[in-house]
Structure formats: structure tokens, C-alpha cells
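Novice: Kindly return the folded structure for what I paste below:
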Amino acid sequence: MKKKVLLIEDDKTVRENTSEILELANYTVKTAKNGKEGVALAKSFLPDIIICDILMPLLDGYGVLQIISKSPLLEHIPFIFLTAKTTHDDLRKGMELGADDYISKPFGESELLRAIESRLKRVKILEQNSKPIEFKNVSGCLNIKNIDQFLATKKVFTFNKGETIYCEGNLSNHIFLIKKGMVKTYKINEYGKELNTGFYSSNQYFGFSSFLKNTPHFENSKAMSFTKLYKINRAEIASIIKNNNHILYDLVIHLAGNSVELKNKLMLFAYGSVRKKTAVILLNLHESFTEVVDNEIFITRLNLANSIGIAKETLARTLHDFKEEKLIDISTKSIKILNKMKLSKVD
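Specialist: Residues are numbered from 1 along each chain as shown. Next comes the predicted model:
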């Protein structure tokens, strides 16, 4: 069956030429000359992919993408911007809104077709991965006493400090378990600002969102030190659950704790003061961060500010106040907690 393409483009020449290329490549094509018309057509045509210009009358490409992404009927459709407007801010804004790709004008026929084929293949993979897990027996997962026995059969992956483990938008059929080292997860907003979403150390799991929901990762991850980790895939988890019920409890406990921690963090970011957010993050790092020696947390000011979601200057003032209140002591490379009890009661 032919794949359906919706092309939204206000330039008549570009619209007609692009449509002709796609039809010759055996796609069924419908076109719209502005964003408003394109949104209406998308709802009736239900294309397999949408190609949309940014600068258009009535409704620009960003507006089209926002409407499409909020429609349960259309939100899954791959969306490619076709535009001559390609500054860093434009690219960032589009990707933050959920665009899958950009094609810059003028473009070649092969570039256009490659972009479309790539996105359609990705959708096919997503559909295949969304099928229910088959609870089949996997070698190494039968009748194990504990996770350690299973991990002894697994390959260990290594990452150097600063090396990326996965990027936002990647799809993964694995969860990650750290054997040794330190990993941070983070997001980049439309202004290029980094916000750390978590720190993970030895014997901790991360990367659940893509694994559980069969959706691309919503954040990035990077090794903060030389790191060794395991990748545990869906089939292995399914087999462990089927054959080793005594281990299931540990997995559920970890998942539940991860969910509660995330909700608490969202509430803190939404309603907490700068002082409260800083105090809570410091205490959390003290409990889970591997770079802690004698109550001293070794973390850069930039990473700490990005974890709290504040500017470095704001963090510096807050840390200075905490030092004056004798809650912490600070040096150029570390922060030492002096009074956990008082720090936990900061408003």
C-alpha cells in the first residue's frame, strides 16, 4: 500500500515540484497552501508523514506542529519541517515542539526522499516494539537466585567521562544498570539551557521511560566519570519475571520509588523557593551521589545549578547564605554539609 504524505507549503512552485517528486517516488500526496488548511486536511487525510514549511500565512509551521502534537488522532505522525529558516534557535524551537527532522531549502530530491524513508522506517520499528512482550525463556534467566547471578552472564559496556550513553529521541529496548561510575540525565530547553534530571551511581537503574512505554527517550544521559554498566533488554526482564518471582518484588520497589521521586521533584520545581530547591537537591545528592566523602559533595557549580534549574549567579548567592547560616561549608570544588537537620527545614 502506498504511504500517504501531506505537504503544507505556501510557495506554489515549491509545492508543485515537491509533490511531483513524491508522486514519482510512489507516494500518495495531498497538498495545502497554508497552515490552517493543512491542519484541516491532516484530520481527514490521516497521512503517514507530514512535511511542513515554517513561514506561512494564517498559521505558521510552529502553530501547525503544536496543534498536530495535541491531537490524539495525529500526534504519532512524523513531522518534518521544510524551510529556509535554519538558525540554531529555529532548530531548537522546532525540536522542542516535537519536530522529527528539518530539510533546508533548496534541497535535492535524494535528500528529501532519504529523510522521509528514514522517518517511516523509524515508525515501523516503533510499531514492532509496541507489540506485547512474549514471555519466553531466555538463556541465563532461568531459576536464578538473584540479579547478580544473572548479571554474571551479561556483557559490560564502558563509557569514558563525558561520553554520551543515549540522546533524547533515541528508542531503547533496554534499562541500564550501573556497575561502577556515575551517570547524569538531562534535558536541553529551547534556549539551549541544560537542566539535570537525575544522577545515578553504582547499582542504580536508569532509562526506564523508553523501555516501559516504547517511546523515544525524553532526556539525554552522559557518563560523569569512567562508567561500567549493563543493558538489560525487554525479553530478559520478561523471562526473569516469569521464572523468578522472588526478584520481581525488587524491580517493582525500584520502579515505584523512581516514580515517587520524580513526582516530588516536579512539585519542588513548580512550587519550591530557590532556597528550598537548593537545600533539597543538596540533601538528595548527599544520599545518592558517589562523589561524597565525609559529608563533602564534589560537584561543579554548573552541574549543581543545572540540577536545581537556576542560574550560577543565583546558586552562588544561595550557597553564600547557607554558609553564613552555618548549614554548609564551600570550596572551589566541593560543598560540605554541616547541619543536615537544619538544611532539611529550609523554606
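Novice: Could you use CA atoms for every contact and neighbour count after this?
Specialist: Will do.
Novice: Would you mind confirming that Asp53 is in contact with Ile8?
Specialist: Yes. Using Cα atoms under 8 Å, Asp53 is in contact with Ile8, at 6.2 Å.
Novice: what ranges do the helices span in the stretch 1-150 of the chain?
Specialist: For the stretch 1-150 of the chain, helices defined by DSSP state H, counting those that start in this stretch occupy the ranges 12-24, 35-45, 61-69, 88-97, 109-129, 147-151.
Novice: quick one: which of those is nearest Leu327?
Specialist: When the helices of the stretch 1-150 of the chain are compared by Cα to Cα, helix 88-97 sits nearest Leu327, at 38.2 Å.
Novice: Okay, now the unreliable bits of the stretch 201-347 of the chain?
Specialist: For the stretch 201-347 of the chain, the stretches with pLDDT under 70 are 209-214, 238-271, 288-292.
Novice: now the strands for it?
Specialist: Taking DSSP state E, counting those that start in this stretch as the test, the strands found in the stretch 201-347 of the chain are 205-206, 220-223, 227-233, 292-293, 296-298, 328-330, 334-337.
Novice: can you put those strands in CSV and add mean neighbour count and distance to Leu177?
Specialist: Below are the strands of the stretch 201-347 of the chain laid out as CSV (neighbours: other Cα atoms under 10 Å; distance: least, Cα to Cα, whole Å):
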stretch, mean neighbour count, distance to Leu177
strand 205-206, 20, 4
strand 220-223, 22, 13
strand 227-233, 19, 5
strand 292-293, 14, 20
strand 296-298, 20, 22
strand 328-330, 18, 32
strand 334-337, 20, 27
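Novice: Pro72: which of the ones you listed is closest?
Specialist: The nearest among those, by Cα to Cα, is strand 220-223 at 25.7 Å.
Novice: Against which helices or strands is that closest one packed?
Specialist: If you count contacts as 3 or more Cα pairs under 8 Å, 6 or more residues apart in numbering; DSSP states H and E, strand 220-223 packs onto strand 164-166, strand 182-188.
Novice: between the helix or strand just after the shortest one and strand 227-233, how big is the angle?
Specialist: In this case it means strand 164-166. Once strand 164-166 ends, the next helix or strand along the chain (criterion: DSSP states H and E) is strand 174-180. Between strand 174-180 and strand 227-233, the angle comes out at 150 degrees (axes from the mean of the first three to the mean of the last three Cα atoms, to 10 degrees).
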